[in-house]
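[1] quick one: sequence and predicted model below, then my questions.
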Amino acid sequence: MTLTAFISRRQALQRSFLLPIVAGVSFAATSAEPTAAGRSATVLVAYFTRTGNTRLIATQVARALDATLFQIVPAAAYPEDYEAQVAQAEDERQRGYEPPLQAMVPDLDSYETVFLGFPIWGMTAPSVIRSFLSQHDLSGKTLVPFITHGGYGLGNSLAVIAEHAPDARLIDGFSKQCDQERETLREVTRWLESVEIGR
């Protein structure tokens, strides 16, 4: 892909964020199998999501760039309970554990640019992202992150990407604050304390 083509695609992407998300975008909700969102054979949009916020951005990027969409899925699913998931993520982070993936990107060599999306967990990238980067050689590829977070910023996530993909060309990406689940749970707890049931 030429620099001019890449810039024009970036401009198209910026414009597309102003458009509503529409139905019909192809993505794997529970599978790691890649799906073609359009015609481009050189752009991959790989993402990990838990609540769906990152998926929303991923599908928009894939649609705008006519790219291939790939959902990063751990072989063993994280707990659905938020607090249990936080505890497991923290344990994995402290141990440096990289969980196995459900599937790998086929024909990775055919992609020149990889958009990589994920939420911030514990002020860093989730362990499953470390797994993805460790198991996929992105040498020589342009790597563009897009990151969701709960209000505390990106933490050391960009350093994690740079460390695990040292030979990729890492460029500025996109980040967005999304709903903070922990604060929501606190608000619900405070509310429940004021609810009088059977008193």
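    Right, received. Where do you want to start?

[2] what bits of the chain have low per-residue confidence?
    Scanning the chain with the threshold set as pLDDT under 70 gives 1-41, 197-199.

[3] swap in 80 and give it another go.
    1-41, 179-185, 187-188, 192, 195-199 (pLDDT under 80).

[4] strands of that one, start to end?
    Under the criterion DSSP state E, the chain contains strands at 35-36, 43-47, 68-71, 113-119, 142-149, 169-170, 174-177.

[5] output those as TSV; include the columns mean neighbour count and distance to Arg93.
    Any C-beta I mention is one placed from the backbone N, CA and C, and that applies to glycine too. Below are the strands of the chain laid out as TSV (neighbours: other Cβ atoms under 10 Å; distance: least, Cβ to Cβ, whole Å):
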stretch	mean neighbour count	distance to Arg93
strand 35-36	14	30
strand 43-47	26	20
strand 68-71	26	22
strand 113-119	24	14
strand 142-149	21	16
strand 169-170	15	21
strand 174-177	15	20
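
[6] what is the burial count for Pro100?
    A count of nearby residues for Pro100, using other Cβ atoms under 10 Å, gives 10.

[7] in the protein, which spans are helices?
    3-16, 53-65, 82-95, 127-135, 157-164, 181-194 (DSSP state H).

[8] who touches the shortest one?
    By Cβ atoms under 8 Å, 6 or more residues apart in numbering, the residues outside helix 157-164 that reach it are 116, 118, 120, 124-125, 129-130, 133-134, 143, 145, 147, 170.

[9] got the angle for it vs strand 142-149?
    140 degrees (axes from the mean of the first three to the mean of the last three Cα atoms, to 10 degrees).
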